[in-house]
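Engineer: need the 3D shape of this:
(one chain, ligands or ions: 1)
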Amino acid sequence: MTTLSLAPLRGLTDAIYRNTFARHFPGFDLTIAPFLTTFKGSKVKSAKLDDLLPANNKDLPVIPQILSKDADQFKILATMLFDLGYETVNWNLGCPYPMVANKGRGSGLLTEPNKIASFLETIADMPCALSIKTRIGRHNSAEIKELIPIFNAFPLQELIVHPRLGVQLYKGEVDLESFSFCLANSTNPVTYNGDICRPADFQRLSRRFPEVDRWMIGRGALSNPFLPSQIKGIPLPQQPLSSIKLFHDELFTLYSQRLRGGGHLLGRMKAVWFYLAAGFKNSRKILKKIQKTRKIEAYTALITHFFAEEAQWQQPTSSSDD
Ligand SMILES: Cc1cc2nc3c(=O)[nH]c(=O)nc-3n(C[C@H](O)[C@H](O)[C@H](O)COP(=O)(O)O)c2cc1C
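Structural biologist: Predicted structure coming up:
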């Protein structure tokens with residue numbers, strides 16, 4: 001059975017987004033939440049955990065993610081999450097952004113196998129299970145070869161591999177040879193993540209890696225929310241455009257209730273469209289118009305007109321179209 005998870009995208013896949021997505025578009029089995037950072041001391045501002053309160057996460061099972069290089073702080077936050085009901089937490093070893101990686105966190109830690117080993121030893125007695133989301137290295141893919149035996153010493157719930165280097169950010173090709181190495185050598189279950197944008201991408205990868213049954217998709221699903229259904233063989237709605245509009249309208253309503261000030265709301269909706277526009281005919285044109293709006297009233301007028309008069313959702317391509 002194929003398990004599909006929605007990737008964490010900070011600034012996008014918060015509780016409102018991932019639960020609204022799941023209500024409108026079937027196919028995902030679970031998601032990893034965007035990372036929380038650890039904090040000094042043993043008190044956390046409760047607002048930091050709002051996104052993960054079970055009451056805000058009823059529509060899609062979620063695994064919280066922590067970005068940290070401090071094992072003791074990680075354990076404190078993981079235990080709080082366990083107390084909220086989470087049996088697994090995910091450790092972010094992939095974040096490529098220089099502000100994070102230069103401080104030895106996320107993919108910045110991948111050059112330090114000893115630190116990773118001692119981190120894992122320190123957190124081994126935490127109450128919840130651990131999953132890891134990693135890249136194949138920070139500077140070169142030899143790094144993952146040293147890390148897999150270290151990961152193998154711990155019973156991970158899963159090892160999610162995005163086969164790029166930290167320094168690549170999101171550029172260049174995914175390195176399938178290195179992914180193959182992880183798959184052959186990991187004793188923990190391995191999940192593939194990266195550049196699945198169309199059903200054909202999924203089919204090509206699953207032909208190459210028939211033993212993989214866990215897949216994670218981010219940007220491809222934000223651009224084409226029907227992608228998980230297409231992969232799972234779930235019939236698409238008769239009127240895909242209506243589903244997208246309902247999804248948009250619900251997101252807009254929920255964000256307008258939560259975010260203070262039109263600027264925040266507008267910023268959030270622009271981030272949504274950055275990906276969602278890709279499925280529409282003349283996507284660049286509409287994206288440009290959206291990005292130019294400065295007031296929420298102008299945004300609402302633009303989007304109302306767009307859905308009523310212009311929007312043409314391009315039936316997402318199937319493998320035979322490729
Ligand atoms: C804007 C943005 C934010 C992201 N935030 C996170 C994050 O909080 N945690 C994480 O593990 N990965 C994060 N990622 C990486 C994605 O989860 C995923 O690994 C990456 O986009 C590759 O998968 P995809 O090609 O299916 O999108 C982020 C990626 C983007 C583009």
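
Engineer: the helix or strand that residue 145 is a member of: what's the following helix or strand?
Structural biologist: Assigned by DSSP states H and E, residue 145 falls within helix 142-152. Next in sequence after helix 142-152, counting helices and strands by DSSP H and E, comes strand 159-162.

Engineer: what are the contacting residues of that following strand?
Structural biologist: With CB atoms under 8 Å, 6 or more residues apart in numbering as the test, strand 159-162 has contacts from 32, 90, 94, 131-136, 144, 151, 174, 179, 182, 186, 188-194, 214, 216. No exception for glycine: its C-beta is placed from N, CA and C like everyone else's.

Engineer: just checking, which of the residues you listed belong to strands?
Structural biologist: If you go by DSSP state E, the contacts of strand 159-162 have 32, 90, 131-135, 190-193, 214, 216 in strands.

Engineer: of the residues you listed, which pair is most distant in space?
Structural biologist: 135 and 214 (17.1 Å; CB to CB).

Engineer: comparing these two, which residue is more hemmed in?
Structural biologist: The neighbour comparison of residue 135 against residue 214 (other CB atoms under 10 Å) goes to residue 135, with 28 against 19.

Engineer: what is the neighbour count of the residue in the stretch 101-250 of the chain that the ligand sits nearest to?
Structural biologist: Ranking the residues of the stretch 101-250 of the chain by distance to the ligand (CB to the nearest ligand atom) places residue 218 first, at 2.8 Å. By other CB under 10 Å, the residues close to residue 218 number 24.

Engineer: hang on, residue 102 packs against residue 111?
Structural biologist: No: checked against CB atoms under 8 Å, the pair residue 102 and residue 111 is beyond contact range at 11.5 Å.

Engineer: for those two, indicate the residue with more neighbours.
Structural biologist: residue 111 (18 against 10).

Engineer: if we can go back for a sec, just how off-centre is the helix holding residue 145 within its chain?
Structural biologist: Computed by CA atoms, centre = their mean, to the nearest Å, the separation of helix 142-152 from the middle of its chain amounts to 23 Å.

Engineer: pLDDT on it, on average?
Structural biologist: Across helix 142-152, pLDDT averages out at 98.

Engineer: if we can go back for a sec, just the ones in strands among the contacts of strand 159-162 that are near the ligand?
Structural biologist: Subset of the ones in strands among the contacts of strand 159-162 in contact with the ligand: 133, 193, counting by CB under 6 Å from any ligand atom.

Engineer: are any of the ones in strands among the contacts of strand 159-162 buried, and if so which?
Structural biologist: Those of the ones in strands among the contacts of strand 159-162 that meet the buried threshold are 32, 90, 131-135, 190-193, 214, 216, by 16 or more other CB atoms under 10 Å.
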